[in-house]
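J.: How does the following fold in three dimensions:
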Amino acid sequence: MNEIQSTAIVGMGALGILFGSHIQKKCGTDAVSFVMDEERKERYSGCRFTCNGEEKQFKLVGSKEAKPVDLFIVAVKYTGLKSAMEVMKNCVGEDTIIISVLNGINSEEILGKTFGMDKIIYTVAQGMDAMKFGNDLKYTQMGELHVGLTDSCDRKRYERLIRFFDETDMPYVAEEDILYRMWGKFMLNVGLNQTCMVYGTNYRGVLSEGEPNRTMISAMREVIALAQDAGVHLTEKDLNFYVDVIKTLNPEGTPSMGQDRINRKASEVDMFAGVVKELAAKYGRYVPVNDFLYERAKEIEKEYVK
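T.: Next up is the predicted model:
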(Lines give C-alpha, C1' and ligand atoms only; values in the text may rest on other atoms or scores of the structure.)
Protein backbone atom coordinates (compact mmCIF):
# COMPACT_ATOMS: atom_id res chain seq x y z
CA MET A 1 0.00 0.00 0.00
CA ASN A 2 1.16 3.55 -0.76
CA GLU A 3 1.64 6.19 1.90
CA ILE A 4 -1.14 8.74 2.42
CA GLN A 5 -0.93 11.44 -0.24
CA SER A 6 -4.59 12.37 -0.73
CA THR A 7 -7.18 13.22 1.92
CA ALA A 8 -10.87 13.95 1.49
CA ILE A 9 -13.26 15.26 4.13
CA VAL A 10 -17.04 15.31 4.26
CA GLY A 11 -18.37 18.05 6.51
CA MET A 12 -17.32 21.70 6.59
CA GLY A 13 -18.19 22.21 10.22
CA ALA A 14 -15.78 23.05 13.03
CA LEU A 15 -13.78 19.81 12.98
CA GLY A 16 -13.77 19.48 9.20
CA ILE A 17 -12.29 22.95 8.81
CA LEU A 18 -9.94 22.44 11.76
CA PHE A 19 -8.33 19.27 10.40
CA GLY A 20 -8.62 20.34 6.77
CA SER A 21 -6.70 23.54 7.56
CA HIS A 22 -3.98 21.62 9.37
CA ILE A 23 -3.47 19.09 6.56
CA GLN A 24 -3.58 21.82 3.92
CA LYS A 25 -0.91 23.81 5.75
CA LYS A 26 1.37 20.77 6.03
CA CYS A 27 0.74 19.11 2.65
CA GLY A 28 -0.49 21.80 0.28
CA THR A 29 -3.83 22.84 -1.18
CA ASP A 30 -4.17 19.89 -3.57
CA ALA A 31 -3.55 17.30 -0.85
CA VAL A 32 -6.93 17.78 0.82
CA SER A 33 -10.41 18.28 -0.59
CA PHE A 34 -13.93 18.60 0.74
CA VAL A 35 -16.46 16.30 -0.92
CA MET A 36 -20.13 17.29 -1.14
CA ASP A 37 -23.24 17.03 -3.26
CA GLU A 38 -23.57 19.28 -6.29
CA GLU A 39 -26.02 21.68 -4.66
CA ARG A 40 -23.73 22.29 -1.71
CA LYS A 41 -20.69 22.61 -3.99
CA GLU A 42 -22.43 25.35 -5.96
CA ARG A 43 -23.38 27.13 -2.76
CA TYR A 44 -19.85 26.99 -1.32
CA SER A 45 -18.06 27.76 -4.60
CA GLY A 46 -16.04 30.93 -4.16
CA CYS A 47 -16.68 31.07 -0.41
CA ARG A 48 -13.74 31.99 1.77
CA PHE A 49 -13.42 30.61 5.26
CA THR A 50 -11.34 31.88 8.14
CA CYS A 51 -9.51 29.85 10.75
CA ASN A 52 -8.47 31.96 13.74
CA GLY A 53 -8.66 35.00 11.48
CA GLU A 54 -6.55 33.48 8.69
CA GLU A 55 -8.37 33.36 5.36
CA LYS A 56 -8.71 29.89 3.83
CA GLN A 57 -9.88 28.61 0.48
CA PHE A 58 -10.39 24.88 0.03
CA LYS A 59 -10.60 22.52 -2.90
CA LEU A 60 -14.24 21.45 -3.34
CA VAL A 61 -15.18 18.23 -5.15
CA GLY A 62 -18.66 17.12 -6.19
CA SER A 63 -19.60 13.60 -5.16
CA LYS A 64 -20.17 12.47 -8.76
CA GLU A 65 -16.67 13.49 -9.88
CA ALA A 66 -14.92 12.23 -6.74
CA LYS A 67 -12.24 9.56 -6.97
CA PRO A 68 -10.74 7.18 -4.37
CA VAL A 69 -8.42 8.79 -1.81
CA ASP A 70 -5.90 7.43 0.65
CA LEU A 71 -7.57 8.90 3.74
CA PHE A 72 -11.19 9.88 4.24
CA ILE A 73 -12.27 11.89 7.28
CA VAL A 74 -15.96 11.86 8.23
CA ALA A 75 -16.64 15.15 10.03
CA VAL A 76 -20.39 15.64 9.68
CA LYS A 77 -22.90 15.77 12.49
CA TYR A 78 -24.66 12.55 13.43
CA THR A 79 -27.85 13.80 11.77
CA GLY A 80 -25.98 13.98 8.45
CA LEU A 81 -24.18 10.64 8.57
CA LYS A 82 -26.57 8.77 6.26
CA SER A 83 -26.34 11.37 3.50
CA ALA A 84 -22.56 11.65 4.04
CA MET A 85 -22.13 7.95 3.23
CA GLU A 86 -23.86 8.50 -0.10
CA VAL A 87 -21.61 11.49 -0.85
CA MET A 88 -18.39 9.66 0.01
CA LYS A 89 -18.93 6.34 -1.77
CA ASN A 90 -16.84 7.25 -4.86
CA CYS A 91 -13.95 8.29 -2.59
CA VAL A 92 -13.55 4.88 -0.97
CA GLY A 93 -11.22 2.54 -2.80
CA GLU A 94 -9.65 -0.79 -1.92
CA ASP A 95 -6.89 0.77 0.21
CA THR A 96 -8.75 3.79 1.64
CA ILE A 97 -8.50 4.48 5.37
CA ILE A 98 -11.65 5.92 6.97
CA ILE A 99 -11.70 7.76 10.28
CA SER A 100 -14.73 9.33 11.92
CA VAL A 101 -14.43 12.35 14.21
CA LEU A 102 -18.11 12.20 15.12
CA ASN A 103 -19.02 12.13 18.77
CA GLY A 104 -20.70 9.04 20.18
CA ILE A 105 -19.84 5.35 20.13
CA ASN A 106 -21.52 3.93 17.02
CA SER A 107 -20.46 5.84 13.88
CA GLU A 108 -17.61 3.39 13.17
CA GLU A 109 -20.01 0.46 13.10
CA ILE A 110 -22.44 2.35 10.86
CA LEU A 111 -19.67 3.24 8.41
CA GLY A 112 -18.19 -0.25 8.59
CA LYS A 113 -21.44 -1.91 7.55
CA THR A 114 -21.34 0.05 4.29
CA PHE A 115 -17.63 0.27 3.49
CA GLY A 116 -16.09 -2.64 5.43
CA MET A 117 -14.83 -2.67 9.00
CA ASP A 118 -11.28 -3.36 7.78
CA LYS A 119 -11.17 0.19 6.37
CA ILE A 120 -12.19 1.81 9.67
CA ILE A 121 -9.67 3.04 12.26
CA TYR A 122 -11.46 3.86 15.52
CA THR A 123 -10.86 7.50 16.37
CA VAL A 124 -11.81 9.95 19.10
CA ALA A 125 -11.39 13.71 18.65
CA GLN A 126 -10.76 15.23 22.06
CA GLY A 127 -9.67 18.42 23.80
CA MET A 128 -10.55 20.99 21.12
CA ASP A 129 -12.70 24.05 21.78
CA ALA A 130 -13.36 24.91 18.12
CA MET A 131 -16.42 27.07 17.49
CA LYS A 132 -17.69 27.86 13.98
CA PHE A 133 -20.27 30.51 13.21
CA GLY A 134 -20.96 31.13 9.54
CA ASN A 135 -17.68 30.56 7.70
CA ASP A 136 -15.48 31.63 10.61
CA LEU A 137 -13.74 29.11 12.87
CA LYS A 138 -12.06 30.07 16.13
CA TYR A 139 -10.27 27.90 18.67
CA THR A 140 -7.71 28.17 21.43
CA GLN A 141 -7.12 24.40 21.78
CA MET A 142 -6.69 22.19 18.71
CA GLY A 143 -6.98 19.07 20.82
CA GLU A 144 -5.81 15.70 19.55
CA LEU A 145 -6.97 12.56 17.77
CA HIS A 146 -6.97 9.36 19.81
CA VAL A 147 -6.65 6.28 17.60
CA GLY A 148 -6.40 2.59 18.29
CA LEU A 149 -6.82 -0.93 16.99
CA THR A 150 -9.81 -3.18 17.56
CA ASP A 151 -10.29 -6.78 16.46
CA SER A 152 -11.83 -5.59 13.18
CA CYS A 153 -9.06 -3.12 12.29
CA ASP A 154 -6.35 -3.64 9.66
CA ARG A 155 -2.96 -3.11 11.31
CA LYS A 156 -1.28 -2.01 8.07
CA ARG A 157 -3.86 0.74 7.60
CA TYR A 158 -3.37 1.77 11.21
CA GLU A 159 0.40 1.99 10.76
CA ARG A 160 0.00 4.08 7.58
CA LEU A 161 -2.26 6.47 9.47
CA ILE A 162 0.22 6.83 12.34
CA ARG A 163 3.04 7.59 9.88
CA PHE A 164 0.87 10.25 8.24
CA PHE A 165 0.12 11.83 11.61
CA ASP A 166 3.83 11.90 12.41
CA GLU A 167 4.72 13.42 9.03
CA THR A 168 2.07 16.15 9.31
CA ASP A 169 2.59 16.91 13.03
CA MET A 170 -1.03 15.98 13.69
CA PRO A 171 -1.61 15.94 17.47
CA TYR A 172 -2.56 12.35 18.32
CA VAL A 173 -2.46 9.64 20.97
CA ALA A 174 -2.09 5.95 20.12
CA GLU A 175 -4.46 4.20 22.52
CA GLU A 176 -4.01 0.68 23.83
CA ASP A 177 -7.75 0.47 24.55
CA ILE A 178 -9.60 2.73 22.13
CA LEU A 179 -13.06 1.51 23.19
CA TYR A 180 -12.34 2.66 26.74
CA ARG A 181 -11.35 6.07 25.38
CA MET A 182 -14.46 6.24 23.17
CA TRP A 183 -16.76 5.49 26.09
CA GLY A 184 -14.97 8.10 28.19
CA LYS A 185 -15.51 10.76 25.53
CA PHE A 186 -19.11 9.59 25.16
CA MET A 187 -19.59 10.07 28.90
CA LEU A 188 -18.17 13.58 28.66
CA ASN A 189 -20.41 14.55 25.75
CA VAL A 190 -23.55 13.08 27.26
CA GLY A 191 -23.00 15.35 30.25
CA LEU A 192 -21.36 18.42 28.72
CA ASN A 193 -22.97 18.81 25.30
CA GLN A 194 -26.52 18.19 26.40
CA THR A 195 -26.28 20.31 29.53
CA CYS A 196 -24.87 23.29 27.63
CA MET A 197 -27.72 23.10 25.12
CA VAL A 198 -30.55 22.53 27.57
CA TYR A 199 -29.44 25.29 29.95
CA GLY A 200 -28.14 27.62 27.23
CA THR A 201 -24.80 27.89 28.99
CA ASN A 202 -21.06 27.64 28.32
CA TYR A 203 -18.05 25.83 29.80
CA ARG A 204 -17.92 28.27 32.71
CA GLY A 205 -21.61 27.66 33.42
CA VAL A 206 -21.33 23.89 33.71
CA LEU A 207 -18.25 24.11 35.93
CA SER A 208 -19.81 26.60 38.37
CA GLU A 209 -21.81 25.36 41.34
CA GLY A 210 -25.49 25.07 40.47
CA GLU A 211 -28.11 23.02 38.65
CA PRO A 212 -26.26 22.75 35.29
CA ASN A 213 -23.20 21.33 37.04
CA ARG A 214 -25.29 18.83 39.01
CA THR A 215 -27.13 17.76 35.86
CA MET A 216 -23.90 17.27 33.90
CA ILE A 217 -22.29 15.14 36.60
CA SER A 218 -25.41 13.02 37.11
CA ALA A 219 -25.77 12.37 33.37
CA MET A 220 -22.14 11.25 33.22
CA ARG A 221 -22.64 8.88 36.17
CA GLU A 222 -25.50 7.22 34.31
CA VAL A 223 -23.05 6.47 31.47
CA ILE A 224 -20.51 4.99 33.90
CA ALA A 225 -23.08 2.40 34.99
CA LEU A 226 -23.95 1.51 31.38
CA ALA A 227 -20.28 1.27 30.40
CA GLN A 228 -19.66 -1.24 33.17
CA ASP A 229 -22.67 -3.24 31.94
CA ALA A 230 -21.04 -3.25 28.49
CA GLY A 231 -17.71 -4.47 29.88
CA VAL A 232 -15.91 -1.11 29.75
CA HIS A 233 -14.36 -0.15 33.08
CA LEU A 234 -15.24 3.53 33.45
CA THR A 235 -15.10 4.88 37.01
CA GLU A 236 -15.48 8.10 38.97
CA LYS A 237 -11.78 8.69 38.31
CA ASP A 238 -12.55 8.97 34.60
CA LEU A 239 -15.35 11.42 35.33
CA ASN A 240 -12.93 13.63 37.26
CA PHE A 241 -10.41 13.41 34.41
CA TYR A 242 -12.92 14.69 31.86
CA VAL A 243 -14.14 17.46 34.12
CA ASP A 244 -10.50 18.58 34.30
CA VAL A 245 -10.42 18.54 30.46
CA ILE A 246 -13.33 21.01 30.42
CA LYS A 247 -11.30 23.32 32.68
CA THR A 248 -8.64 23.65 29.96
CA LEU A 249 -11.12 25.05 27.42
CA ASN A 250 -12.08 28.66 26.76
CA PRO A 251 -14.64 29.31 29.56
CA GLU A 252 -16.78 31.44 27.26
CA GLY A 253 -16.96 28.69 24.63
CA THR A 254 -19.72 26.13 24.19
CA PRO A 255 -19.68 22.65 22.61
CA SER A 256 -21.44 21.55 19.44
CA MET A 257 -24.94 21.16 20.91
CA GLY A 258 -24.67 24.56 22.56
CA GLN A 259 -23.74 25.96 19.15
CA ASP A 260 -26.69 24.10 17.60
CA ARG A 261 -29.08 25.97 19.85
CA ILE A 262 -27.45 29.31 19.00
CA ASN A 263 -27.51 28.49 15.28
CA ARG A 264 -31.06 27.05 15.54
CA LYS A 265 -30.03 23.70 14.08
CA ALA A 266 -31.01 20.12 14.85
CA SER A 267 -28.77 18.69 17.58
CA GLU A 268 -27.14 15.33 18.17
CA VAL A 269 -29.32 14.47 21.17
CA ASP A 270 -30.27 11.14 19.55
CA MET A 271 -26.58 10.17 19.52
CA PHE A 272 -26.21 11.02 23.21
CA ALA A 273 -29.31 10.66 25.39
CA GLY A 274 -31.00 8.67 22.62
CA VAL A 275 -28.25 6.02 22.72
CA VAL A 276 -28.18 6.14 26.53
CA LYS A 277 -31.91 5.39 26.58
CA GLU A 278 -31.43 2.45 24.19
CA LEU A 279 -28.62 1.03 26.32
CA ALA A 280 -30.64 1.56 29.49
CA ALA A 281 -33.48 -0.48 28.01
CA LYS A 282 -30.99 -3.19 27.01
CA TYR A 283 -29.38 -3.44 30.45
CA GLY A 284 -32.43 -2.67 32.59
CA ARG A 285 -31.14 0.66 33.92
CA TYR A 286 -33.03 3.75 35.05
CA VAL A 287 -31.60 6.95 33.51
CA PRO A 288 -33.83 9.83 34.67
CA VAL A 289 -31.31 12.60 34.00
CA ASN A 290 -30.80 11.56 30.38
CA ASP A 291 -34.55 11.11 30.00
CA PHE A 292 -34.94 14.73 31.13
CA LEU A 293 -32.17 16.01 28.83
CA TYR A 294 -33.62 14.15 25.85
CA GLU A 295 -37.13 15.48 26.37
CA ARG A 296 -35.97 19.05 27.00
CA ALA A 297 -33.63 19.08 23.98
CA LYS A 298 -36.47 17.88 21.76
CA GLU A 299 -38.72 20.62 23.15
CA ILE A 300 -36.09 23.26 22.36
CA GLU A 301 -35.64 21.93 18.83
CA LYS A 302 -39.37 22.18 18.14
CA GLU A 303 -39.01 25.95 18.37
CA TYR A 304 -36.91 26.05 15.18
CA VAL A 305 -36.51 22.62 13.54
CA LYS A 306 -39.25 21.99 10.99
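J.: Sketch out the strands for the stretch 1-150 of the chain, chain order is fine.
T.: Here the stretch 1-150 of the chain has its strands, by DSSP state E, counting those that start in this stretch, at 7-10, 32-36, 49-51, 54-56, 59-62, 71-74, 97-100, 122-126, 131-133, 136-138, 144-148.
J.: Where do the helices of this structure begin and end?
T.: Assigned by DSSP state H, the chain shows helices spanning 14-27, 38-44, 81-88, 107-115, 155-167, 178-199, 203-207, 211-229, 236-247, 256-263, 273-283, 288-302.
J.: Which of those helices has the highest mean neighbour count?
T.: Neighbour counts (mean count of other CB atoms under 10 Å) averaged over each of the helices of the chain peak at helix 178-199, with a mean of 24. (Glycine included, C-beta is placed from N, CA and C.)
J.: what packs against that one?
T.: For helix 178-199, the packing partners by 3 or more CB pairs under 8 Å, 6 or more residues apart in numbering; DSSP states H and E come out as strand 122-126, strand 144-148, helix 203-207, helix 211-229, helix 236-247, helix 256-263, helix 273-283, helix 288-302.
J.: re the thing from before, select from the strands of the stretch 1-150 of the chain the stretch with the lowest mean pLDDT.
T.: Among the strands of the stretch 1-150 of the chain, strand 131-133 carries the lowest mean pLDDT, at a mean of 82.
J.: Residue 75 contacts residue 21, correct?
T.: No - if you go by CB atoms under 8 Å, residue 75 and residue 21 don't touch, sitting 12.0 Å apart.
J.: Torsion angles phi and psi at the nearest residue to residue 227 once chain neighbours are set aside?
T.: Nearest non-adjacent residue to residue 227, counting by CB to CB, 6 or more residues apart in numbering: residue 234, 4.1 Å away. With angles defined as degrees, to the nearest 10, residue 234 sits at phi -80, psi 150.
J.: Contacts only, for residue 234.
T.: With contact set as CB atoms under 8 Å, 6 or more residues apart in numbering, residue 234 has these partners: 180, 183-184, 187, 223-224, 227-228.
J.: if you set the cut-off to 10 Å instead, what comes out?
T.: Contacts for residue 234 (CB atoms under 10 Å, 6 or more residues apart in numbering) come out as 180, 183-184, 186-187, 220-221, 223-228, 242.
J.: How about residue 59?
T.: By CB under 10 Å, 6+ apart, the residues touching residue 59 are 8, 20, 24, 29-35.
J.: Would you mind measuring from it to residue 141?
T.: 27 Å (CB to CB, to the nearest Å).
J.: Let's see the pLDDT reported for the residue most central in space within the chain.
T.: Nearest to the mean C-alpha position of the chain, by CA atoms, centre = their mean, lies residue 102 at 2.6 Å. The per-residue pLDDT reported for residue 102 equals 91.
J.: shouldn't it be in contact with residue 268?
T.: Yes - taking CB atoms under 10 Å as the definition, residue 102 is a contact partner of residue 268 at 8.3 Å.
J.: Need the residues touching each of these two.
T.: Counting by CB under 10 Å, 6+ apart, the common neighbours of residue 102 and residue 268 are 77-78, 80.
J.: which one among those gets closest to residue 248?
T.: residue 77 (23.8 Å; CB to CB).
J.: Quick check: phi and psi on the closest one?
T.: According to degrees, to the nearest 10, residue 77 has phi -80, psi 160.
J.: Thought residue 222 was touching residue 186, still the case?
T.: No - Residue 186 lies out of contact with residue 222 (CB under 10 Å); the separation is 11.4 Å.
J.: what residues do those two have in common as contacts?
T.: Contact criterion CB under 10 Å, 6+ apart; residues shared by residue 186 and residue 222: residue 276.
J.: re earlier: list the contacts of the residue nearest to the centre of the chain.
T.: Taking CB under 10 Å, 6+ apart as the test, what residue 102 contacts is 11, 15, 74-78, 80-81, 84, 108, 110-111, 123-125, 268, 271.
J.: cool, residue 232 as well?
T.: Counted by CB under 10 Å, 6+ apart, residue 232 has contacts 105, 177, 179-184, 186-187, 223-224, 226, 238.
J.: Distance from the chain centre to stretch 249-265, please.
T.: Stretch 249-265 has its C-alpha centroid displaced from the chain centroid by 14 Å (CA atoms, centre = their mean, to the nearest Å).
J.: for stretch 207-216, same thing?
T.: Taking CA atoms, centre = their mean, the mean C-alpha location of stretch 207-216 is offset from the chain mean by 24 Å.
J.: and it, average pLDDT?
T.: If you average the pLDDT over stretch 207-216, you get 97.
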